[in-house]
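**Student:** Provide a 3D model corresponding to the input given below.
(one chain, ligands or ions: 1)
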Amino acid sequence: MMVGLPEPAEVYIRNAGRGDLAVLIALRQSVGWSSGGIEGSFALVDAGRQAILLAEINGRVVGSVAMSFQVPASGGFRSGHISDLLVAPLWRRRGVGTALLQSAERAASDRGLTQVTLDVDASNRAALALYFGTGYTHYRPAQFPWGPGYTLRKVLVPRHQSGSGRLLLRWWRRWSQGPWSDRARL
Ligand SMILES: CC(C)(COP(=O)(O)OP(=O)(O)OC[C@H]1O[C@@H](n2cnc3c(N)ncnc32)[C@H](O)[C@@H]1OP(=O)(O)O)[C@@H](O)C(=O)NCCC(=O)NCCS
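**Tutor:** Numbers count the residues shown, from 1 in each chain. Presented below is the predicted three-dimensional model:
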């Protein structure tokens with residue numbers, strides 16, 4: 001095992017509540033992300049239009065992701081939009097981002113949504129590798145105020161077709177095998 005790395009541990013994915021506001025802000029600020037609007041996003045959570053998921057290791061929040069649920073009145077795809085996927089630097093490359101993504105997809109699937117989309121900067125090689133490696137494909141190019149990017153999408157497999165429906169996580173795969181689980185019902 002490499003010196004200085006955190007010890008192997010279980011990863012739990014759970015829904016965030018308003019009591020997590022401070023820790024969510026601290027997590028975002030630790031990587032220089034703005035926390036403006038975060039408080040307001042809990043209003044969407046309360047209205048059932050968004051879920052904010054947290055990844056916890058040994059009781060410490062190490063990552064988060066948001067999932068907005070969109071059901072167009074006009075019909076068509078019942079779609080979810082994933083945003084703000086973030087893993088604390090010390091805990092990257094251990095499957096936490098993948099776990100958060102899969103839990104967000106499952107939350108969408110459980111609500112009957114048939115696809116998820118997300119936006120990513122063209123220069124974000126880590127995120128692109130993660131998304132393409134987990135089944136996302138190009139949907140359309142995007143132009144953000146700060147530069148070019150892409151909207152990616154993934155068509156969701158209904159849970160009754162996805163075998164056990166359990167999430168598999170390659171956790172601590174370089175050093176040891178370790179379990180992880182959803183703590184909350186998503
Ligand atoms: C992108 C991010 C969420 C990935 O989280 P993570 O926990 O490190 O991701 P995982 O461990 O699940 O990685 C799964 C796979 O994605 C790819 N990947 C992840 N980080 C990578 C990197 N820095 N370089 C290349 N590939 C990478 C790899 O294929 C990896 O599998 P491997 O470790 O077996 O090679 C994390 O780097 C992060 O928080 N970045 C800053 C915020 C951000 O850019 N968010 C995305 C906004 S669109």
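**Student:** residue in this structure nearest to the ligand?
**Tutor:** The nearest approach of the chain to the ligand comes at G97, 2.5 Å away (Cβ to the nearest ligand atom). (Glycine included, C-beta is placed from N, CA and C.)
**Student:** Determine the three-state secondary structure at that residue.
**Tutor:** helix (DSSP: H, G, I helix; E, B strand; the rest coil).
**Student:** just checking, it touches D84?
**Tutor:** No: using Cβ atoms under 8 Å, G97 makes no contact with D84, being 11.9 Å away.
**Student:** Contacts only, for the residue of the chain closest to the ligand.
**Tutor:** Listed by Cβ atoms under 8 Å, 6 or more residues apart in numbering, the contact set of G97 reads 63, 85, 87, 130.
**Student:** Looking at neighbours, which among these is most surrounded?
**Tutor:** Counting neighbours by other Cβ atoms under 10 Å, V87 leads the contacts of G97 with 24 neighbours.
**Student:** and that residue, what are its bridge partners?
**Tutor:** G63 (DSSP bridges).
**Student:** swap in Q115?
**Tutor:** S79, V155.
**Student:** Quick check: the gap between it and A9.
**Tutor:** 33 Å (Cβ to Cβ, to the nearest Å).
**Student:** cool, and Y139?
**Tutor:** Y139 is 35 Å from A9, by Cβ to Cβ.
**Student:** Compare those two and say which is more crowded by neighbours.
**Tutor:** Set side by side, Y139 and A9 show more neighbours around A9, with 19 against 15, by other Cβ under 10 Å.
**Student:** On the three-state scheme, the more buried one is what?
**Tutor:** Under three-state DSSP, A9 comes out as coil.
**Student:** unless I'm mixing things up, it is touching A55, no?
**Tutor:** No: between A9 and A55 there is no contact under Cβ under 8 Å: 11.1 Å.
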